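Engineer: Fold the following, please.
(chains A and B)
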Amino acid sequence: MNEEQTALVLEKLKEKYGSSLLAHAEKPDGVIVVVNKENAYALLEYLKTDTEFAYTYLVDVTAVDNSQLESELERFDYARFIVVYHLYSYRGHPRVRVKVPVHERALRIQSVTSLWNGANWLERETYDMFGISFEGHPELRRILMPDDFDGHPLRKDYPLRGRGERESFNFERQNV
Amino acid sequence: MGLDFGKSGEQMDGNILTTTIDKVVNWGRKNSLWPMPFGTACCAIEMMATLASKFDLSRFGSEAIRFSPRQSDLLIVSGRISIKMMPVLKRIYDQMPEPKWVISMGACASCGGVFDTYTLIQGVDQFIPVDVYIPGCPPRPEDLIDAVMQVQQKITRGEVPKGLEQVSASAHAVDAR
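Structural biologist: Sure, this is the predicted structure:
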């Protein structure tokens, strides 16, 4: 990846969203920007709709639970979760990872399904695994776990062997 | 077959004749087991290899894979079963006509294998009766052939499938009352 291109993306983002960027970094495989929740949608919209960048491919939406990692908690304003968007541009621009800290007291963030249709299932998975609500999502329900499942398994406080679901799950499920 | 037809009907024990028919029926059953594959993971790849020309399960009369449970009498559970998949498996098992046999293929189906996690069934025998278990991760095709042959031996010996055994046991319990 060409360093000039990497610098160009960062410059543009700093210019437009300088005050809402909490941190940024250049990595060999692209750019990382940490942006606050209020301006995350605007930044993502800019990256997608800008005619020069045209980040039309949303590779992944996922989250990280930092609740058991003190150093990471400090870095991200003591937000327990970080929602991560991976973007790719077919114009040859470097990959962009957008990280958005989400506090446990307000476990919601604006959905990007209006920008990328592909975000639909990715956000459902993030909701299923971490319990983060995506506002404006057309159909926010569990995608991997059964509908009547209790809890969010990828949270760090969820026990690996579960809470007895595998022995006592609901056998008479409607969607069989 | 060794029956003395010179004897009168009264001397002939009815049981001899019944057993013989059972034997003929079991001989037919054992040589035409129609498997219902329930392949959810890598064990299914080994199952496919078993059915293909190199290992050729048709040598044992089990090449007629039925993708409808209503036409099959041998359920091969090959792969890990999650709590979301278990009701599906149970439903397919229920739809199979009696008598039916179940092979639990590989570590995951038999005990959860390495997946000791919140969503994985730790052994399908908690929910459906299993006749033959195959160890291995995944088992070799020879292991699956061996399991099919064990089912055949069970049928030859006139053993009742695990599923029917449990049904008849509960029926006896009702009788005893």
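Engineer: C-alpha only now, for contacts and for neighbours.
Structural biologist: Fine.
Engineer: Tell me the residues of chain B that contact chain A?
Structural biologist: Taking C-alpha under 8 Å from any C-alpha of the partner chain as the contact definition, chain B meets chain A at B:83-84, B:86-88, B:116-122.
Engineer: residues touching residue A:123, list them.
Structural biologist: Residues counted as contacts of residue A:123 (C-alpha atoms under 8 Å, 6 or more residues apart in numbering or on different chains) are A:61-62, A:111, A:134, A:140.
Engineer: If any of the residues you listed are buried, give me the PyMOL selection for them.
Structural biologist: Selection of the buried residues among the contacts of residue A:123 in PyMOL, burial being defined by 16 or more other C-alpha atoms under 10 Å in any protein chain shown:
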select buried, chain A and resi 61+62+111+134+140
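Engineer: quick check, nearest of the contacts of residue A:123 to chain B?
Structural biologist: Nearest to chain B among those, counting by C-alpha to the nearest C-alpha, is residue A:140 at 18.8 Å.
Engineer: can you tell me the helix or strand for the nearest residue to the closest one once chain neighbours are set aside?
Structural biologist: Nearest non-adjacent residue to residue A:140, counting by C-alpha to C-alpha, 6 or more residues apart in numbering or on different chains: residue A:124, 5.8 Å away. Residue A:124 is part of helix A:119-130 when elements are defined by DSSP states H and E.
Engineer: for the helix or strand just after that helix, the distance to its chain's centre please.
Structural biologist: Following helix A:119-130 in sequence order, the next helix or strand is strand A:133-135 (DSSP H and E). Distance of strand A:133-135 from its chain centroid, counting by C-alpha atoms, centre = their mean, to the nearest Å, is 11 Å.
Engineer: measure the closest residue to chain A within chain B to residue B:82 for me?
Structural biologist: Residue of chain B nearest chain A, by C-alpha to the nearest C-alpha: residue B:118 (4.0 Å). Residue B:118 sits 9 Å away from residue B:82, going by C-alpha to C-alpha, to the nearest Å.
Engineer: Same question for residue B:120.
Structural biologist: Remark: distance between residue B:120 and residue B:82 (C-alpha to C-alpha) = 4 Å.
Engineer: quick one: which of the two has more around it?
Structural biologist: Between residue B:120 and residue B:82, counted using other C-alpha atoms under 10 Å in any protein chain shown, the more crowded position is residue B:120 (26 against 20).
Engineer: OK, contacts around that one?
Structural biologist: Under the criterion of C-alpha under 8 Å, 6+ apart, the neighbours of residue B:120 are A:166, B:80-83, B:112.
Engineer: on that earlier part again, ok, and the most crowded of the residues of chain B next to chain A?
Structural biologist: Most neighbours among the residues of chain B next to chain A, by other C-alpha under 10 Å: residue B:121, with 28 neighbours.
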